[in-house]
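Engineer: What follows is a predicted protein model with its sequence.
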Amino acid sequence: MSLDSAPAAQEPDIPTAHAAPPGLLDLFLAFARMSLAGFGGVLVFARRAIVEQHRWMSADEFNETFALCHFLPGPNIVNLSMVFGSKLRGIAGGIAAFAGLLLPPTLIMTVLAIVYARFGDLDVLRRSLAGISCAAVGLLIAVVFRMITPLLKRMDPVALILMLGVFLAIGVLRLPLPTVLLVAIPVSIAVTYFLRRKVAA
Amino acid sequence: MNAENPIWALVATFGLMSLFAVGGAAAAVPEMHRIAVEVHHWMTEKQFTDAYAIAQLSPGPNVLIVTLIGYAVAGIPGALAATLAMCLPTALLAYYVSRLLNRPSQSRWPGLIQAALVPLSIGLMAASALILAQSTDRTIVAVLLTAMVAVVASVSRINPLWLLLAGGLLGFAGIV
């Protein structure tokens, strides 16, 4: 890790170059900035800021960290802030990044909640929000399509059945999430394990 | 359950839910809907979809729909309690696990578990879409708008914010 502090950014095309470890305030501000830039998902901005702009991590390190956070439960980007901050500056760094990511948008959201509680019944606002909701559902459907495509291409029947099963249990039958996952996760892991052994054998 | 203290109910609800949120915030939307609308009647159907729309439109992680749910239950303390309960436990879990896995591991279990979770989280997100669509897409125009956004967002790399704003404008104009 390169420790020469100031001019690290002046050597543009060294992908593995690291800048000096940032201070806690730097972490807080960097995550606050990417969070506030992140309309409809913070990940893209997080990647850009961490890997390209500040060079606190190489692209591979970022991918590994993200994979870990994606596989653990909870909001991925929030997990990422904690793991990432703590890799650079210990637990205090984790908390600084976590707070930077969440504090500003939570304050904005609280203000919006107050506005909505006061004016949510206004017809103009109701109509606009109805239109935004329709678009938001469309965006979600697009994400689902994008994620299903690789499963369809691989014609992976087991994955498709599991996916459909969870969809029906949660979306149609409206069963509680913990119940469904306590069944689905062990089944899916067992099936994946045996299929991989068969492929390997 | 904890009718006497709504803050505690929020903390217990979202703290537990976060541990089951495989695949992130969008995958937890059905459970948020089930608990906030069907079980506790914290919000109406319309308020819930509005909250989803506001959370999508605002900057920051999409998980912050819980801030809006928390506010609806118990004002500003509720908003903060719900947000922390949803975000802090799993972030600490991630911190400890990342320390355990500090070396690049030879184990194939993380990869295997991740592969096993992918179809489940897609199923959960599809369920989110269905549940939200059932309450927003009540007219043919609304269904058409949702379908068009889905197609445009699938085939192009347009910033989602523009599509949300377009939906808002159509709603504002009274078309949807």
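Structural biologist: Looks like it came in fine.
Engineer: List the buried residues of the one helix or strand residue A:197 maps to.
Structural biologist: Here residue A:197, judged by DSSP states H and E, is contained in helix A:177-200. For helix A:177-200, burial by neighbour count (16 or more other Cβ atoms under 10 Å in any protein chain shown) applies to A:177, A:180-181, A:184-185, A:188-189, A:191-193. All C-beta atoms are positioned from the backbone trio N, CA, C, and that covers glycine.
Engineer: can you check stretch B:125-144 too?
Structural biologist: Within stretch B:125-144, the residues that count as buried by 16+ other Cβ under 10 Å are B:125-133, B:135-137, B:142-143.
Engineer: What are the neighbouring residues in contact with residue 155?
Structural biologist: No chain was given, so I picked chain A. Counting by Cβ atoms under 8 Å, 6 or more residues apart in numbering or on different chains, residue A:155 makes contact with nothing.
Engineer: Please identify the helix or strand for the closest residue to residue A:146 other than its chain neighbours.
Structural biologist: With Cβ to Cβ, 6 or more residues apart in numbering or on different chains as the criterion, residue A:146 has its nearest non-adjacent residue at 6.6 Å, and that residue is residue B:154. Residue B:154 is part of helix B:140-155 when elements are defined by DSSP H and E.
Engineer: List the contacts of that helix.
Structural biologist: So helix B:140-155 is in contact with A:130-131, A:134-135, A:137-139, A:141-143, A:145-146, B:133, B:136-137, B:158, B:160, B:163, B:166-167, B:170, B:175-176, going by Cβ under 8 Å, 6+ apart.
Engineer: and what of stretch B:86-94?
Structural biologist: A:68-69, A:72-75, A:78-83, A:94, A:98, A:102, B:14-15, B:17-19, B:21, B:63, B:66.
Engineer: after the one helix or strand residue A:87 maps to, next one along is what?
Structural biologist: Following DSSP H and E, one finds residue A:87 within helix A:76-119. Moving toward the C-terminus from helix A:76-119, the next helix or strand (DSSP H and E) is helix A:123-154.
Engineer: if we can go back for a sec, could I get the buried residues of stretch B:125-144 as CSV with pLDDT?
Structural biologist: What follows is these, written out as CSV (pLDDT from 0 to 100):
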residue, pLDDT
B:125, 91
B:126, 95
B:127, 95
B:128, 94
B:129, 95
B:130, 96
B:131, 95
B:132, 94
B:133, 95
B:135, 89
B:136, 92
B:137, 90
B:142, 96
B:143, 96
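Engineer: ok, the closest residue to residue B:28 other than its chain neighbours - contacts?
Structural biologist: For residue B:28, ignoring the flanking residues on the chain, the nearest one in space by Cβ to Cβ, 6+ apart is residue B:21 at 4.0 Å. By Cβ under 8 Å, 6+ apart, the contact list for residue B:21 reads A:73-75, B:27-28, B:31, B:90.
Engineer: how many neighbours does the residue nearest to residue A:146 have?
Structural biologist: Neighbour count of residue B:154, defined by other Cβ atoms under 10 Å in any protein chain shown: 16.
Engineer: And the pLDDT at it?
Structural biologist: Looking at residue B:154, its pLDDT is 91.
Engineer: show me what contacts the nearest residue to residue B:146 once chain neighbours are set aside?
Structural biologist: Spatially, and ignoring its direct neighbours in sequence, residue B:146 is nearest to residue A:138 (4.3 Å; Cβ to Cβ, 6+ apart). Residues in contact with residue A:138 (Cβ under 8 Å, 6+ apart) are B:145-150, B:152-153, B:163, B:167.
Engineer: Could you do residue B:130 as well?
Structural biologist: With Cβ under 8 Å, 6+ apart, residue B:130 has these contacts: A:167, A:171-172.
Engineer: quick one: stretch A:65-83 near chain B?
Structural biologist: Yes. Using Cβ under 8 Å from any Cβ of the partner chain, a contact is recorded between stretch A:65-83 and chain B, made by A:65, A:67-83.
Engineer: Could you identify the buried members of these?
Structural biologist: If we count by 16+ other Cβ under 10 Å, those have these buried: A:65, A:68-83.
Engineer: Tell me where the model's unsure across chain A.
Structural biologist: When residues are selected by pLDDT under 70, those of chain A lie in A:1-19, A:40-41.
Engineer: Could you list the domains of it?
Structural biologist: A:6-118, A:131-200 (automatic domain parsing).
Engineer: starting at the chain centroid, how far to the longest helix belonging to chain B?
Structural biologist: In chain B, taking DSSP state H as the definition, the longest helix is helix B:65-100. In terms of Cα atoms, centre = their mean, to the nearest Å, the centre of helix B:65-100 is found 12 Å from the chain centre.
Engineer: so the following helix or strand past it versus helix A:123-154, what angle?
Structural biologist: Beyond helix B:65-100 on the C-terminal side, the first helix or strand identified by DSSP H and E is helix B:109-136. Using axes from the mean of the first three to the mean of the last three Cα atoms, to 10 degrees, the inter-axis angle of helix B:109-136 relative to helix A:123-154 is 140 degrees.
Engineer: So which helix or strand of chain B has the lowest pLDDT on average?
Structural biologist: Scoring the helices and strands of chain B by mean pLDDT, DSSP states H and E places helix B:109-136 at the bottom, with a mean of 89.
Engineer: what's the angle between it and helix A:177-200?
Structural biologist: Helix B:109-136 runs at 140 degrees relative to helix A:177-200, counting by the same axes, to 10 degrees.
Engineer: roughly how far is helix B:109-136 from the heart of the chain?
Structural biologist: Counting by Cα atoms, centre = their mean, helix B:109-136 comes out at 12 Å from the chain centroid.
Engineer: ok and that helix relative to helix B:65-100, angle-wise?
Structural biologist: 180 degrees.
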